[in-house]
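Asker: Need coordinates for the below:
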Amino acid sequence: MKGECEGHELLDLNRLFVKTAKMHRRIFQYEFKKLGLTEGQPKVLDYLHRHNGCSQKELAKHCHIQPATVTSLLAHLERRGLIYRQANQDDRRMTNVFLTEMGMELKYRINQAFRQIDDCLFEGFTSSERGQMKECLERMYENLRRKEIEAYD
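Answerer: I've put the predicted structure just below:
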């Protein structure tokens, strides 16, 4: 009987985790849409903010996006005036990507959206509870990452 109760508790926990993750994603998608962004674009703008002038190849690798998808995504951001591309000075076969002033301003607005959603998400949580949540999620991520590594060995 005890094992059965624990199984239900784990199933309920899993459902709650998935339900919360889906709601979190929907809220972000809504906020990104208000900013005129598709789902993958904030990640690219964030990476460029931290690594301005990186190569398209590096951007694709670190954002876990196929090179062809990055090319399309960057074309859209470039048309909006958020980024510009420039041939690499040392290797003309490579293209470096830079944020424009407009891109940096939009990155600031994205950060504001993240803060507002985080404030909503953690309303009523103490600083200690936030820290515990972070530790739990990091451990969960590492557990799944190890499982993924095992699956591909």
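Asker: Now do the buried residues in the helix of greatest length in the chain.
Answerer: Longest helix in the chain, counting residues (DSSP state H): helix 2-34. By 16 or more other CB atoms under 10 Å, the buried positions in helix 2-34 come out as Phe28, Glu31, Phe32. Any C-beta I mention is one placed from the backbone N, CA and C, and that applies to glycine too.
Asker: Turn those residues into TSV, including pLDDT.
Answerer: Listed next are the buried residues of helix 2-34 as TSV, based on pLDDT from 0 to 100:
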residue	pLDDT
Phe28	92
Glu31	93
Phe32	93
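Asker: could those go into TSV alongside distance to His49?
Answerer: TSV is the format used below for the buried residues of helix 2-34 (distance: CB to CB, whole Å):
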residue	distance to His49
Phe28	17
Glu31	17
Phe32	15
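Asker: packing partners for the helix or strand bottoming out on mean pLDDT in the chain?
Answerer: One helix or strand of the chain scores below all others by mean pLDDT, DSSP states H and E: helix 2-34, with a mean of 84. Secondary-structure packing of helix 2-34 (3 or more CB pairs under 8 Å, 6 or more residues apart in numbering; DSSP states H and E): helix 101-121.
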